[in-house]
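>>> Just to be clear, the model below is a prediction. Sequence and coordinates:
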Amino acid sequence: MGTGSYIASDWNKLKKSRKLSTSNEAKKTFKNLGIKQSLDSRYIYCRESKDSTDSPNATPVIIGFDVTDSMDYLAHNIATKSLNDTILKILETKTITNPHIMCAAFTRTDMPLQVTQFEADIRVVEQLLDFSLGGYNPSSADNLLWYFAAHHTKIDSFTKRGKKGILIGIGDEKSNYKDNVLKKGDIKATTCDEPDKKYTFSELIRITNAMYELFHIVIGEDCRFDPQNNRESYSEWCEALPGRVAKIYAKDIEYLDSLIVSIIRLSQCEDKSTVLSSIENTTARKVVEWGIEDMDFGPLSIETSKSYSHDSRRACKPSRPEREAAKQRIREHLEAEEKYEREMIRKHGAEAWARMKEEESMR
């Protein structure tokens, strides 16, 4: 996926036809009560970000977020404002080339993800609006999204050019990174895989960081949340992803797009002062300045979680072993996908299988 181009007029048409407004309740924006099969991680073998005539140098960006009951306002803001504004600012600033955006919704590690295609146009918002909200979680499920990204995405930016994608998770829960293990049963219940092992938080960071620059945004404490809980959440995340964690107050959620774009710019090795000085809105600049104050983008190292030296060359390009390991996983995915394709053609016939795939892509 990833054809077409994002046009502001398409957003305006969609906003009008779906009656999207930040003043509406989340349940009026997200009307599905259950997970749509085309977005359900249990039925998704691979999401692809492919170079094309429209996107000759595609840059994949995954934005994952908590959609539990207490966080419905976050999904609502992303759908009615932040996603559109983020894409337009990326295109305006040329922060990255040919952005391919994929949105993912998570609740718990034993519940399926909801995952859009990688899209370059308004279809990413259309698919996002089909998400279902609700549920609860005792800790963050970013690690399930990391697993999906590492094992079920194929990105040309990495396989062709050795350039990592960008993955940003957003939520209010603690990471519980020392005890948060993605169990074999969780993987089997939420993907199409038959895993032979469990994964610790740190293992998934290392595996996924081979293909994606990882970040997390903690929704900060205010009247909506217990202050102590959110301070602990932020501290834990800073230990789990040193230098890669930002924060924002729930009351400042209207400036989430500015924070996301700033993180993406930092991932491209721009310095903080340049990023901050380019934000014209004074309030937005203050929100972002506070939000990224502890970020120190450099090579992510679990072993040196307290400190590390900044090396922009290493930060922007994976090592050879990391590239080879990730490419091997992609080769295995493609081989399995080809095997599945042959089986479906044998079972249904080439023409019927082609129609089935076309129908699935149109959902």
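Ah, there it is.
>>> Residues touching stretch 195-203, excluding its own?
With contact meaning C-beta atoms under 8 Å, 6 or more residues apart in numbering, stretch 195-203 is reached by 143, 147, 175-178, 180-184, 187-188, 207, 240, 302. No exception for glycine: its C-beta is placed from N, CA and C like everyone else's.
>>> For those, which two are the farthest from each other?
Farthest-apart pair in those is 188 and 302; separation 25.7 Å (C-beta to C-beta).
>>> now the strands for this protein?
For the chain, strands defined by DSSP state E occupy the ranges 47-49, 59-66, 99-106, 114-115, 153-155, 165-171, 212-220, 245-249.
>>> what's the distance between the nearest residue to residue 240 once chain neighbours are set aside and residue 68?
Spatial nearest neighbour of residue 240, excluding adjacent residues (C-beta to C-beta, 6 or more residues apart in numbering): residue 177 at 3.9 Å. Distance of residue 177 to residue 68, given as C-beta to C-beta, to the nearest Å: 19 Å.
>>> lowest-confidence helix or strand of this structure?
Least confident element among the helices and strands of the chain, by mean pLDDT, DSSP states H and E: helix 312-315 (a mean of 33).
>>> doesn't residue 147 make contact with residue 113?
No. Contact criterion C-beta atoms under 8 Å: residue 113 and residue 147 do not qualify, at 9.4 Å.
>>> now, which of the contacts of stretch 195-203 sits nearest residue 164?
Distances from residue 164 to the contacts of stretch 195-203, taken by C-beta to C-beta, are shortest for residue 207, at 12.9 Å.
>>> Compute the number of surrounding residues for that closest one.
Residue 207 sits with 19 neighbouring residues when counted by other C-beta atoms under 10 Å.
>>> Also residue 71?
Neighbour tally, residue 71, other C-beta under 10 Å: 25.
>>> Contacts only, for it.
65, 171, 172, 219.
>>> got any ranges where the stretch 251-363 of the chain has weak pLDDT?
Across the stretch 251-363 of the chain, the ranges flagged by pLDDT under 70 are 298-327, 329-334, 357-363.
>>> hmm, 80 instead?
Low-confidence segments of the stretch 251-363 of the chain (pLDDT under 80): 297-341, 353, 355-363.
>>> mind listing the helices for the stretch 51-200 of the chain?
Applying DSSP state H, counting those that start in this stretch to the stretch 51-200 of the chain gives helices spanning 72-77, 83-93, 123-128, 142-152, 156-161, 184-190.
>>> Pull out the buried positions in the first one.
Residues of helix 72-77 classed as buried by neighbour count (16 or more other C-beta atoms under 10 Å): 72, 74, 75, 76, 77.
>>> Adding distance to residue 123 as columns, could you present those residues in CSV?
Shown next, in CSV, are the buried residues of helix 72-77 (distance: C-beta to C-beta, whole Å):
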residue, distance to residue 123
72, 23
74, 21
75, 18
76, 20
77, 20
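>>> Out of those, flag the one nearest to residue 214.
When the buried residues of helix 72-77 are compared against residue 214 (criterion: C-beta to C-beta), the nearest one is residue 74, at 18.9 Å.
>>> and the gap between the closest one and residue 217?
10 Å.
>>> roughly how far apart are residue 54 and residue 119?
Counting by C-beta to C-beta, the gap from residue 54 to residue 119 is 11 Å.
>>> of these two, who's got more company?
Neighbours per residue (other C-beta under 10 Å) separate residue 54 from residue 119, with residue 119 holding more: 24 against 13.
>>> what's the straight distance from one end of stretch 137-148 to the other?
With C-alpha to C-alpha, to the nearest Å as the measure, stretch 137-148 spans 18 Å from end to end.
>>> which outside residues touch that stretch?
41, 62, 64, 66, 68, 104, 106-109, 111, 113, 115, 167, 169, 171, 173-176, 180, 182, 186-187, 190-191, 199, 201, 204-205, 207-208, 214, 216.
>>> One more pass at 7 Å, please.
Residues outside stretch 137-148 that contact it (C-beta atoms under 7 Å, 6 or more residues apart in numbering): 41, 64, 66, 68, 104, 106-109, 113, 115, 169, 171, 173-176, 180, 182, 186-187, 190-191, 199, 201, 204-205, 208, 216.
>>> May I see the buried residues of it?
137, 139, 140, 141, 142, 143, 144, 145, 146, 147, 148.
>>> Which single one of those residues is nearest to residue 20?
Once C-beta to C-beta is applied, the member of the buried residues of stretch 137-148 that ends up nearest residue 20 is residue 145, at 24.8 Å.
>>> What sits closest to that closest one if chain neighbours are left out?
Counting by C-beta to C-beta, 6+ apart, the residue nearest residue 145 is residue 64, at 4.4 Å.
>>> what about the one you found, neighbour count?
26.
>>> So what sits opposite it in the bridge?
Beta-bridge partners of residue 64, counted by DSSP bridges, are residue 104, residue 169.
>>> So for residue 272, which of the helices of the stretch 51-200 of the chain sits nearest?
That would be, of the helices of the stretch 51-200 of the chain and by C-beta to C-beta, helix 83-93, which comes in at 15.2 Å.
>>> now for the closest one, which elements pack on it?
strand 99-106, helix 123-128, helix 256-267 (3 or more C-beta pairs under 7 Å, 6 or more residues apart in numbering; DSSP states H and E).
>>> Identify, out of these, the most deeply packed stretch.
strand 99-106 (a mean of 27; mean count of other C-beta atoms under 10 Å).
>>> Contacts for that one next, please.
Contact partners of strand 99-106, identified using C-beta under 7 Å, 6+ apart, comprise 2, 47, 49, 55, 58-67, 75, 87, 90, 113-120, 124, 128, 131, 141, 144-145.
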